[in-house]
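Participant: Quick one: sequence plus predicted model below, questions after.
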Amino acid sequence: MKSHIHSAWNRFLQEMELAKNYHMPYLLDGIGAATFRNPLLDFLLPSLLYVNMVAILDEALIRFIDVRGLTVPKKKYRNSLHGRIEFLNDKLSIDNYSELQSIRDLRNKLAHEVSEHATWETLDADSNTIDKELRHLGFVGERKDYKYFGERSAMYDCGEPNILSAQDYHFGVKHDDQVTMEFSFTKKIHKSNG
């Protein structure tokens, strides 16, 4: 039953790995102070990723119900993630009912309560639960082990006027030594006018 859910989930896992390592590109310059984690990003990023993660789960449950030709009785179940989890639990189609309802509950709090936030640890644990459920429902296979990477080139002459030297930076995510997501930029050092 692999579909766009499979690619959306793998993209999410790559984005999560990249976001957890947001501070690592600074290590490429050897600037020690810049490698400290930013408390604001550590506060915001897990919550934003969490909402996206649960949206993928909800889309998977909608797709599962549709592909199986199931009809959700409107009088008994709401047209919501809560209703879909309840319905599929009653049909014995899901494995992690209580965990999924807890995940849904946190997602709702993140969306509607300004004081709520997710942590990296919560995001990791709940992504494992969702991954197991997506595997159980047939959307994904064994979880890929995505790893952050970063590299920079040696300084080089880029041939531009008033540019002393340039350096290329590449960072992203790999799986089995294959780049799956990459970002790059060039840092240029300008000649002094003084």
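Facilitator: Received, thanks. Numbering: from 1, shown residues only.
Participant: This structure - how does it break down into domains?
Facilitator: 4-143, 148-190 (automatic domain parsing).
Participant: shaky segments in this protein?
Facilitator: Residues of the chain meeting the criterion pLDDT under 70: 1-2, 30-35, 193-194.
Participant: residue ranges of the helices in it, please?
Facilitator: Under the criterion DSSP state H, the chain contains helices at 4-20, 39-67, 81-90, 97-112, 120-136.
Participant: right, and the ones you listed - which one's nearest residue 176?
Facilitator: helix 4-20 (13.0 Å; C-beta to C-beta). Quick note: C-beta positions are derived from backbone N, CA and C, even for glycine.
Participant: now the angle from that closest one to helix 120-136?
Facilitator: Comparing the axes of helix 4-20 and helix 120-136 via axes from the mean of the first three to the mean of the last three C-alpha atoms, to 10 degrees yields an angle of 160 degrees.
Participant: Quick check: buried residues in helix 4-20?
Facilitator: Across helix 4-20, burial judged by 16 or more other C-beta atoms under 10 Å covers 5-6, 8-10, 12-20.
Participant: Next: stretch 172-187.
Facilitator: Under 16+ other C-beta under 10 Å, the buried positions of stretch 172-187 are 172, 173, 174, 175, 180, 181.
Participant: Distance to residue 156 for those residues - can I get that in a markdown table?
Facilitator: Output for the buried residues of stretch 172-187, formatted as a markdown table (distance: C-beta to C-beta, whole Å):
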| residue | distance to residue 156 |
| --- | --- |
| 172 | 21 |
| 173 | 26 |
| 174 | 24 |
| 175 | 30 |
| 180 | 27 |
| 181 | 25 |
